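Undergrad: A structural model of the following input is requested.
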Amino acid sequence: MSEPLTAPGEGFHPHLHDASDGATAPLRTRLHHVRADALDGDTAQTGGMRRFAAVSGRTVGSEKLWMGQTHVAPATASSDHHHGESETAIYVVSGHPEFVFVDDSGAAPEEIRLRTSPGDYIFVPPFVPHREENPDPADEAVVVIARSTQEAIVVNLPKLYALSRGESS
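TA: Residues are numbered from 1 along each chain as shown. Modelled structure (predicted):
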């Protein structure tokens, strides 16, 4: 690598190197580098898992996107929850997490369990109650999360159930 790594929170813009007055570029004119060791753990949480923000309104000034990591400890299940109006995309980095939801499209509601492997993706539509589980007795499961809202919306629920139309929590 010919150039050193950027520092946490440091942006890049071709004109920054030419600025002699030391002024920084406006938020909307530069890339933002969030290093792995600078993830923000001060985000909405659900029992049984730990979320870390990388890209959010607070960390980089994003307006329409939240992205980060979720870690689920060995032999652990999260609390039942949904993510409000956010569409959520999940990429499995390590482990074999399972995603559980209730499918009420048939004659009777049925619990569905999606078993995943590294490299798999999951899409969670807005307001769909679900939970993450890590059945592995020894290894943590790690996933990358992207949401269509600026911050991580988390609505914890007393049980896993399908919401009726217009119901948000």
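Undergrad: so what pLDDT did Thr59 get?
TA: As predicted, Thr59 sits at a pLDDT of 82.
Undergrad: was I right about it contacting Val34?
TA: Yes: using CB atoms under 8 Å, Thr59 makes contact with Val34 at a distance of 6.3 Å. Using the backbone N, CA and C atoms, a C-beta is placed for each residue, glycine as well.
Undergrad: just checking, next helix/strand downstream of the helix or strand bottoming out on mean pLDDT in the chain?
TA: Least confident helix or strand of the chain, by mean pLDDT, DSSP states H and E, is strand 11-12 with a mean of 50. Moving toward the C-terminus from strand 11-12, the next helix or strand (DSSP states H and E) is strand 31-32.
Undergrad: Go ahead and confirm Gly48 touches Thr70.
TA: No: with contact defined as CB under 8 Å, Gly48 does not count as touching Thr70 (10.4 Å).
Undergrad: shared neighbours, those two?
TA: Common contacts of Gly48 and Thr70, defined by CB atoms under 8 Å, 6 or more residues apart in numbering, comprise Glu132.
Undergrad: quick one: which of the two has more around it?
TA: Between Gly48 and Thr70, Thr70 has the larger neighbour count (other CB atoms under 10 Å), namely 22 against 16.
Undergrad: The more buried one and Leu31: what is the separation?
TA: Noted for Thr70: a distance of 24 Å to Leu31, by CB to CB, to the nearest Å.
Undergrad: Likewise for Ser78?
TA: The value you get for Ser78 to Leu31, if CB to CB is used, is 32 Å.
Undergrad: So if I had to pick from those two, which one is more boxed in?
TA: Ser78 (24 against 11).
Undergrad: So what touches the host helix or strand of Val143?
TA: Assigned by DSSP H and E, Val143 falls within strand 141-147. The contact list for strand 141-147 (CB under 8 Å, 6+ apart) reads 51, 65-72, 83, 86-97, 132, 134, 152-153.
Undergrad: and if we set it to 7 Å?
TA: 65-72, 83, 86-97, 134 (CB atoms under 7 Å, 6 or more residues apart in numbering).
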